[in-house]
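Q: sequence below, structure please.
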Amino acid sequence: MLTETLSAARDMGRLNEIAGVLIRHGFGDTVRRLGLADRLERAGHVLRWDHVADLARIEPPAQVRLAMEELGPAFVKLGQILAGRADLFGPEWIAEFEKLHSHVPAVPLELLRPQLREDLGGEPEDVFARFDTEPLAAASIAQVHRAQLKDGTEVVVKIRRPGITEVIEADLRLLARLAALAEAEVPALKPYRLQQLVREFVKSLRRELNLAAECRHAERITANMAPLPWIVIPRVHWAHTGERVNVQDFVGGIPGDQLGLLTPEAGFDRTLLAQRGAQAVLKMIVEDGFFHADPHPGNVFYLPGNGIAFIDFGMVGRLSERRREELLQLLLGLVERQSQAVAEVLLDWTGDGHGINQAQLETEIEDFVDQYHGTPLAELSLGQMLADVTALLREHHLGLPSDLALLIKAFISLEGMGRGLDPGFHMATEATPMLQDVLRARYEPKALAGRAWKTLRRTLAVAEQLPHDISRLLRNARRGRLQVNIELAHLKRVGDQIDRAANRLAMALVIAALIIGSSIAMMVKGGPTLFGMPLLGSLGFISAVLGGLWLVRAIWRSSRERDIDEAG
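A: Have a look, this model is predicted:
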């Protein structure tokens, strides 16, 4: 408790800044509804409410994006992640989130020197044969400098900004509190699962802050890409790599956003590049279950000989074996227009939704897939189909699991890059043979035997534990310690109402008894008096009046709360 109190006090200044930014960008009503204004003003902070109307004419998605940019790295990163949640936000929101960039002025090298000396074991000019003082790029978490090792290898040095961890950790604490507060105070936000989103974001951002973890991701994907020699992942130089700095080979290809340079005269085959990129992506996702989750053009380079380099593995996605099998069924169902298969997978993914009409959802999914019957495979846009499916789920207030939302975002982005290289590129055409091969391999006798053996081992483990569990259950039952807990939210609410009504009825009976008893006491002569009246009778009447006032107030408050609930 003491730690939480100290943390809250330490974060109060930042909370004041956040509330001020929200107010400036037209979210003053949200600040009030969350109770932030009252809390901050009680703590002595003054919020400025003037000039709020200046931004009221901007659409809410743009207002949120501008506020996130002003709030700094953690909020910008959150917005970038939300750009991949088309299952929760409409196109106008996604378009604004995709505009978020974390480019900020670089930190001067002199301010980086103390941290670099500690991490590298010496001055950068001494550790490297050459170290460029001007950075190649600067973002909110880190900046990149070119350098050369003593053996002549050209490298890039990625340096985390000093003090950024403390700032981000404070924002993550506040985001967790704000998410819980928003879900409690604004019921309309519940479908967005804010607390779950923030928990996933916290894990992702903490991994991204660890620059050594990024290098471990890169080496894992390097090993996975060994069968595809045209895919290049920069080599890590571990002698100079740690949590706050990493050193990797410099990639000198053509950036993914400069497609005009990929000409036949320069030796590039754009159709071949699109096909090779698709093969790499499908291998990462379908075969390996470990993929680059931020594949925008700035993280892709095209190399001589039609090679492709991927960089920056701070954000990666992971898919379990079960998820990959479900994904295979979904993609094949979309490609082969098997509506029932698509509906079954999506209903499994969103089966925890409450209050949805599953029959209606299944019908809509089947209608959606059926519209593609007769469409040539080469004309299908697999990315667009996935985007349309997520939009359909969003209409039913159903969110995908976070790993799948990240995957679909990456898949759509990569298909867009493929079409940028080659307008005739179709992911469905590239994906079908690989999907069928992988699915066929899963049902080979060896693979089936392996899965059967795993299932048998799990079953035997459960069976071995079962007698002990049954024995413990019976022992608890004999001792009268067996409990069955059934939680029914509506029934609990009814029980609470009955309990309150019974308490009021009991109070009313007590008041009536006091009035009758006091009246009898007033008739008794002699004994102590109060203002010339029998003491016991007077005290009884006073107690009855006080009890009556309490009862009236309780009834009034209950009626008022019921009216508010009905209005809400």
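
Q: can we go C-alpha only for contacts and neighbour counts from here?
A: Will do.

Q: doesn't residue 147 lie inside a strand?
A: Yes: using DSSP: H, G, I helix; E, B strand; the rest coil, the assignment for residue 147 is a strand.

Q: so how far is residue 250 from it?
A: Residue 147 is 9 Å from residue 250, where distance means Cα to Cα, to the nearest Å.

Q: which one of the two has more residues nearby?
A: Using other Cα atoms under 10 Å, the more surrounded residue of residue 147 and residue 250 is residue 147, with 25 against 17.

Q: report pLDDT for that one.
A: If you check residue 147, the pLDDT there is 96.

Q: what's the burial count for the closest residue in space to it that isn't next to it in sequence?
A: Excluding the flanking residues, the one nearest residue 147 by Cα to Cα, 6 or more residues apart in numbering is residue 131, at 4.3 Å. Residue 131: 20 surrounding residues under other Cα under 10 Å.

Q: next up, the contacts around the residue nearest to residue 298 when sequence neighbours are not counted.
A: With sequence-adjacent residues excluded and distances taken as Cα to Cα, 6+ apart, residue 298 is closest to residue 256, at 5.9 Å. Counting by Cα atoms under 8 Å, 6 or more residues apart in numbering, residue 256 touches 297-302.

Q: which of those sits closest to residue 245?
A: Nearest to residue 245 among the contacts of residue 256, counting by Cα to Cα, is residue 299 at 18.6 Å.

Q: measure that closest one to residue 215 for me?
A: For residue 299, the distance to residue 215 (Cα to Cα) stands at 15 Å.

Q: which one's more surrounded, the two?
A: Set residue 299 next to residue 215 and count neighbours by other Cα under 10 Å: residue 215 wins out with 25 against 16.

Q: contact partners for the more buried one?
A: 236, 246, 313.

Q: and the first one, how many neighbours?
A: In terms of burial, residue 236 registers 19 neighbours under the definition other Cα under 10 Å.

Q: do I have it right that it meets residue 249?
A: Yes: the criterion here is Cα atoms under 8 Å, and residue 236 meets it with residue 249 at 6.7 Å.

Q: where are the low-confidence patches of the stretch 251-400 of the chain?
A: 350-358, 373-380, 399 (pLDDT under 70).

Q: at 90 instead, please
A: 252, 256-257, 278-279, 281-283, 285-289, 291-299, 312, 314-400 (pLDDT under 90).

Q: got it, and the stretch 1-150 of the chain?
A: Ranges of the stretch 1-150 of the chain meeting pLDDT under 90: 1-107, 137-141.

Q: those strands in it, which residues are they?
A: Taking DSSP state E, counting those that start in this stretch to define them, one finds strands in the stretch 1-150 of the chain at 130-131, 137-138, 142-148.

Q: what distance do you get for residue 421 to residue 263?
A: Separation of residue 421 from residue 263 (Cα to Cα) stands at 11 Å.

Q: what do these two both touch?
A: Residues touching both residue 421 and residue 263 by Cα under 8 Å, 6+ apart: residue 270.

Q: more crowded one of those two?
A: Using other Cα under 10 Å as the criterion, residue 421 and residue 263 rank with residue 421 on top: 21 against 11.

Q: got a list of what that one touches?
A: Counting by Cα under 8 Å, 6+ apart, residue 421 makes contact with 259, 270-271, 273-274.

Q: give me the subset of those residues lying in helices.
A: Within the contacts of residue 421, residues falling in helices by DSSP state H are 270-271, 273-274.

Q: wait, which of those residues is closest to residue 193?
A: Nearest to residue 193 among the ones in helices among the contacts of residue 421: residue 274, at 36.5 Å, using Cα to Cα.

Q: burial count for the closest one?
A: Using other Cα under 10 Å, the number of residues around residue 274 comes to 26.

Q: quick one: the helices in the stretch 201-350 of the chain?
A: Ranges of helices in the stretch 201-350 of the chain, per DSSP state H, counting those that start in this stretch, are 211-224, 270-282, 321-335, 339-349.

Q: coming back round to it: and of the ones in helices among the contacts of residue 421, the nearest to residue 185?
A: residue 274 (48.3 Å).

Q: so the closest one is in contact with residue 423, correct?
A: No: under the criterion of Cα under 8 Å, residue 274 is not in contact with residue 423, lying 9.8 Å apart.

Q: what is the mean pLDDT for stretch 165-174?
A: Here stretch 165-174 scores 86 as its mean pLDDT.

Q: contact partners of that stretch?
A: By Cα under 8 Å, 6+ apart, stretch 165-174 touches 11, 14-15, 73-74, 202, 209.

Q: not counting sequence-adjacent ones, nearest residue to residue 288?
A: Excluding the flanking residues, the one nearest residue 288 by Cα to Cα, 6+ apart is residue 224, at 7.1 Å.

Q: against residue 207, how distant is that neighbour?
A: Taken as Cα to Cα, the span from residue 224 to residue 207 is 21 Å.

Q: can you check residue 302 too?
A: Residue 302 is 27 Å from residue 207, where distance means Cα to Cα.

Q: those two: who's more crowded?
A: residue 302 (25 against 16).

Q: wait, that one sits on residue 310?
A: No: if you go by Cα under 8 Å, residue 302 and residue 310 don't touch, sitting 9.1 Å apart.

Q: average pLDDT for the helix or strand containing residue 196?
A: Assessed by DSSP states H and E, residue 196 sits inside helix 194-209. For helix 194-209, the mean pLDDT works out to 82.

Q: what does stretch 151-158 give?
A: Rounded mean pLDDT across stretch 151-158 is 96.

Q: kindly state the pLDDT recorded for residue 498?
A: 65.

Q: center of the protein - which residue?
A: Most central in the chain under Cα atoms, centre = their mean is residue 197, positioned 2.9 Å from the mean C-alpha point.

Q: I appreciate the help and will end here.
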